[in-house]
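# sequence isn't available, so here's the structure alone:
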């Protein structure tokens, strides 16, 4: 039996081209594939397995399907996609139960495009043996429309468009590379997972067909581009040598002729892909995409900006100023993890709640309307509140928010800090 995980955090294992039988010895290939599955099940312990196609070498071979369908898969959920070696037979559809599969879009003898949602992520498997980009686009548009609230959108298919081995300049691959990236960009896809070329390649963050300089060697924050991963063989049945070592789109490539598996860990704010050599579990590559949501910290900063120092005790006001400065500095960072944002936002909200009004011995709830009314005509205050209510909250990752935050820093922090310095000089 299988159970869907609770919460939003989960993991899955990505494998490429088991292709049982490709070496000429299906039994040996199956044994090596079983070793990789053992590492996946016993060490990585993912929620499910995702195979990027070519599960078998001959589409109709039951011997090869027997080798692929290892006993471990009876207790490990799996998702597959149609490779070129799987496509020519109905056997593929007879061995896998695919959810939300289209009977009209992306179809070959083996089956069509399909999608599923796991926790916070939409997975769309497209049958790249069907060369119709228009059909794949229509299918993905439908899947996205049915699942508008997911955090991450992942596409997986067989024929890698950003690999570095012998298939990289095949005519059909070039055609897909010229067409699919624009569709993925239009649909705001986050990650694309592929196989076919029997080599490991991680792309740079790609803006349609152009590599960008977003991020570092190991991470990126709120990227505009898309990450493409090509998985190497998980059984070792066949490897291709690197044929495009100077590929501008490649950030990492490897052909060590060793079985690999990629452990993918997904949260609401991060998508981490760590690729291991399956024989030793040494790390080959790791990369993390971070997303952040600054809505709460922006709201807290704006609330703090409406407060008036003279209404609160010096000690509680000093605490507020420290928390406000930290919050503004945190919000202004381009590379900051969500945990740091949440911590700074909570500290500021707590400081606001802990403000002690002058003449009171205990904390009281902050009445921002009274603070805003201080020394302001009521009619003028109404207009001010109206303007404030219609002001747009800066959006996550929106660089235009820096102007409003910078203004808040000058007006709010600058003013309160200067007042704090003057008061301290008076006390001295």
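The structure has been received and is ready for your questions. Since the structure is predicted, the reported quantities are computational estimates derived from the model, not experimental observations. Numbering: from 1, shown residues only.

# which strand residues bridge residue 277?
residue 260 (DSSP bridges).

# how about it, what does it touch?
When contacts are counted by CB atoms under 8 Å, 6 or more residues apart in numbering, residue 277 is found next to 256, 258-260, 284. Quick note: C-beta positions are derived from backbone N, CA and C, even for glycine.

# now do the helices in the stretch 251-400 of the chain.
295-304, 314-332, 338-353, 368-373, 378-390 (DSSP state H, counting those that start in this stretch).

# closest to residue 249 out of these?
Taking CB to CB as the criterion, helix 338-353 is the member of the helices of the stretch 251-400 of the chain that comes nearest to residue 249, at 28.7 Å.

# the closest one vs helix 314-332, what angle?
150 degrees (axes from the mean of the first three to the mean of the last three CA atoms, to 10 degrees).

# now do the buried residues in helix 338-353.
338, 341-342, 344-345, 347-349, 351-352 (16 or more other CB atoms under 10 Å).

# with stretch 252-269 instead?
252-255, 258-267, 269.

# again, but for stretch 242-254
Here stretch 242-254 shows 242-244, 247, 249-254 as buried, counting by 16+ other CB under 10 Å.

# farthest-apart pair in those residues, please.
Longest span within the buried residues of stretch 242-254, CB to CB: 243 and 251, 17.5 Å.

# flag the helix or strand of this structure with the lowest per-element mean pLDDT.
One helix or strand of the chain scores below all others by mean pLDDT, DSSP states H and E: helix 378-390, with a mean of 40.

# follow-up on the earlier one: could I get the buried residues of helix 338-353 as JSON lines with pLDDT?
Below are these laid out as JSON lines (pLDDT from 0 to 100):
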{"residue": "338", "pLDDT": "97"}
{"residue": "341", "pLDDT": "98"}
{"residue": "342", "pLDDT": "98"}
{"residue": "344", "pLDDT": "98"}
{"residue": "345", "pLDDT": "98"}
{"residue": "347", "pLDDT": "98"}
{"residue": "348", "pLDDT": "98"}
{"residue": "349", "pLDDT": "98"}
{"residue": "351", "pLDDT": "97"}
{"residue": "352", "pLDDT": "97"}
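
# nearest to residue 330, of these?
Closest to residue 330, out of all of these and judged by CB to CB, is residue 344, at 4.0 Å.

# tell me how far that closest one lies from residue 115.
37 Å (CB to CB, to the nearest Å).

# hmm, back to that, so which of the buried residues of stretch 242-254 are in strands?
Among these, the ones falling in strands (DSSP state E) are 250-254.

# related to what we said a few turns ago, wait, which of the helices of the stretch 251-400 of the chain is closest to residue 87?
Between the helices of the stretch 251-400 of the chain, helix 338-353 lies closest to residue 87; by CB to CB that is 41.1 Å.

# surely residue 330 meets residue 297?
Yes - using CB atoms under 8 Å, residue 330 is in contact with residue 297, at 6.8 Å.

# list residues touching both of the two?
What both residue 330 and residue 297 touch, as defined by CB under 8 Å, 6+ apart, is the set 341, 344.

# any idea what the residue nearest in space to the middle of the chain is bridged to?
With distances taken as CA atoms, centre = their mean, residue 271 lies nearest the centre of the chain, 4.0 Å away. Per DSSP bridges, the residues bridged to residue 271 are residue 266, residue 289.

# got the contact list for it?
By CB under 8 Å, 6+ apart, the neighbours of residue 271 are 152, 190-191, 264-265, 288-289.

# nearest to residue 80 among these?
Taking these together and measuring to residue 80 by CB to CB, the closest member is residue 264, at 15.7 Å.

# and that closest one, how close does it get to residue 29?
Distance from residue 264 to residue 29, by CB to CB: 24 Å.

# before we move on, what about residue 330?
In terms of CB to CB, residue 330 sits 51 Å off from residue 29.

# which of these two has more neighbours?
residue 29 (26 against 20; other CB atoms under 10 Å).

# quick one: pLDDT of the spatially closest residue to the more buried one that is not a sequence neighbour?
Excluding the flanking residues, the one nearest residue 29 by CB to CB, 6 or more residues apart in numbering is residue 237, at 4.2 Å. What the model reports for residue 237 is a pLDDT of 98.

# can you give me the distance of residue 237 to residue 290?
Residue 237 is 36 Å from residue 290, where distance means CB to CB.

# these two: who's more crowded?
It is residue 237, of residue 237 and residue 290, that has more neighbours when counted by other CB under 10 Å, with 26 against 19.

# unless I'm mixing things up, that one is touching residue 32, no?
Yes - between residue 237 and residue 32 there is a contact under CB under 8 Å: 7.3 Å.

# low-scoring stretches of the stretch 301-428 of the chain, by residue?
360-428 (pLDDT under 70).

# circling back to that earlier point, return the closest of the buried residues of stretch 252-269 with respect to residue 94.
Once CB to CB is applied, the member of those that ends up nearest residue 94 is residue 261, at 26.3 Å.

# ok, for that closest one, nearest residue in space, not its chain neighbours?
Distance criterion CB to CB, 6+ apart; nearest residue to residue 261, sequence neighbours excluded, is residue 278 at 5.1 Å.

# and the gap between that neighbour and residue 232?
10 Å.

# one more: residue 173?
17 Å.

# who's more crowded, these two?
Comparing residue 173 with residue 232 by neighbour count (other CB under 10 Å), the higher total belongs to residue 232, at 32 against 19.

# that one reaches residue 253, doesn't it?
No - checked against CB under 8 Å, the pair residue 232 and residue 253 is beyond contact range at 10.0 Å.

# identify the contacts common to the two.
In terms of CB under 8 Å, 6+ apart, residue 232 and residue 253 are both contacted by the residues 199-200.

# follow-up on the earlier one: and of the ones in strands among the buried residues of stretch 242-254, the nearest to residue 316?
residue 251 (49.3 Å).

# let me know the pLDDT of the closest one.
98.

# also the one 5 residues further on?
With respect to pLDDT, residue 256 has a value of 98.

# can you tell me how far it is from residue 39?
Distance from residue 256 to residue 39, by CB to CB: 16 Å.

# same question for residue 246.
Taking CB to CB, one finds residue 246 at 33 Å from residue 39.
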